[in-house]
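[1] Sequence and predicted structure are below.
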Amino acid sequence: MRGSTRVARAGWVMLAFLVWSASGHAATARIAGIDVAAAEAAARAAVREVFGADAEVVLGASVLTLAPGAGALVVAVPEPASRTGGPVRFVLYGDLDHTQRIGRLTTRVDVRVAHVRARARIGARVRPQPAELETVRDDIGRQPLAPLPALDLVTTATTRKSLWPGEVITQVALVLPALVTSGQEVVTVARVGGLEVRGRAIAAQSGQFGDSVIVVNPDSRRRLRARVTGEALVEVALGS
C-alpha cells in the first residue's frame, strides 16, 4: 500500500510539474509571426487532441482573420457543434486560459483515423455485437468534432437509433455507460509531447466517455479538469 502511495504521489509531482510547465512557461509553445500556416498548425493540433495523435488531418480553403495588434498564438479552439467534412471555425487565443482572443481561422477539415463502423443494420435500443462491427482506418466524413468510441466501448453501450451498414458509429448514436463516478479513485494521464505521466485522483463528478470532469489531487486537494477516456481513466488538461 505504501509503495503504491509513493508511486501515486510521484505521478502527481510530475503532473504538477507538467501543469506548471504548460501554464507558467506557455511561451515555449507559442507560434510567433501568425500566418495561415501557423494558424493551420494550431488547428491541426486541436483536431488531433480530439481524435488522437495519429489522426490524419487535412485542411483547405483557409481564411485567417486577426485582431489589430494580435500577439503570439498559443492555441486554436473549434467552435461548438463543429463537424468534420466541411468548414470549421477556430477561435485563436494568445493564452491557455482562452481570455486573449486574437483572431479566427475558418478552414475545411477532413479527418482520416481508425474508427468503428456497422457491418450490417443494427436496431435501436440494442447492444451491438462484435460480429456486427468492424474497425477501419478511413475518412470519417461529416461527423461531430468529438472523440470516436473504440470497439470495446461500443459493445458495452446501447444504440440510441438504428445503425446502417457502413455508418460511422459516434457517441451521438449510443447511450454510453458511466465510466467514471463521483467519489471514485481514477487513474490520471498527462501528456506533453511524447512524455506520459500517470497518477491517481478522486473524481468530483461522474462522466461518460469523452465528458469533461473535475478530479482532485488527494494530497494537495488541487482541482483539475480532465476528459474521461476509459473506465476509471481520465486525461488531464494541462493548464487547467
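    Everything's here; your move.

[2] CA atoms for contacts and neighbours, from now on please.
    Will do.

[3] domain ranges for this protein?
    2-25+178-236, 32-172 (automatic domain parsing).

[4] how about these in a markdown table, adding mean neighbour count and mean pLDDT?
    As requested, the domains of the chain are arranged in a markdown table below (neighbours: other Cα atoms under 10 Å; pLDDT from 0 to 100):
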| stretch | mean neighbour count | mean pLDDT |
| --- | --- | --- |
| domain 2-25+178-236 | 18 | 79 |
| domain 32-172 | 18 | 94 |
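
[5] Identify the bridge partners of Thr135.
    Bridge pairing for Thr135 (DSSP bridges) gives the partners Val116.

[6] pretty sure it is touching His115, no?
    Yes - taking Cα atoms under 8 Å as the definition, Thr135 is a contact partner of His115 at 5.5 Å.

[7] quick one: contacts for the nearest residue to Gly141 once chain neighbours are set aside?
    Closest residue in space to Gly141, ignoring its immediate chain neighbours: Gly85 at 5.1 Å, by Cα to Cα, 6 or more residues apart in numbering. By Cα atoms under 8 Å, 6 or more residues apart in numbering, Gly85 lies in contact with 108-111, 140-143.

[8] switch to 7 Å and redo it
    The contact partners of Gly85, by Cα atoms under 7 Å, 6 or more residues apart in numbering, come to 108-110, 141-142.

[9] Mind telling me the two of those farthest from one another?
    For the contacts of Gly85, the farthest-apart pair by Cα to Cα is Arg108 and Gly141; their separation is 11.8 Å.

[10] Gly60 looks like it's in a strand, true?
    Yes - judged by DSSP: H, G, I helix; E, B strand; the rest coil, Gly60 forms part of a strand.

[11] Helix, strand, or coil at the residue nearest to it when sequence neighbours are not counted?
    Leaving aside its chain neighbours, Gly60 sits nearest to Arg108 (5.0 Å; criterion: Cα to Cα, 6+ apart). Three-state assignment for Arg108 (three-state DSSP): strand.

[12] ok, now Pro147?
    coil.

[13] Quick check: chain neighbours aside, which residue is closest to the spatially most central residue of the chain?
    Nearest to the geometric centre of the chain sits Val50, at 3.5 Å (Cα atoms, centre = their mean). With sequence-adjacent residues excluded and distances taken as Cα to Cα, 6+ apart, Val50 is closest to Pro147, at 5.4 Å.

[14] quick one, helices of the protein?
    Counting by DSSP state H, the chain has helices at residues 2-24, 36-51, 151-154.

[15] Name the residues that touch the shortest one?
    The reference is to helix 151-154. Outside helix 151-154, the residues touching it (Cα under 7 Å, 6+ apart) are 116, 128.

[16] how does it look with 8 Å?
    116, 128, 130, 133-135, 174, 176.

[17] Could you dump those into a markdown table with distance to Ala232 added?
    Formatted as a markdown table, these follow (distance: Cα to Cα, whole Å):
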| residue | distance to Ala232 |
| --- | --- |
| Val116 | 22 |
| Pro128 | 23 |
| Pro130 | 23 |
| Leu133 | 25 |
| Glu134 | 25 |
| Thr135 | 24 |
| Leu174 | 20 |
| Leu176 | 14 |
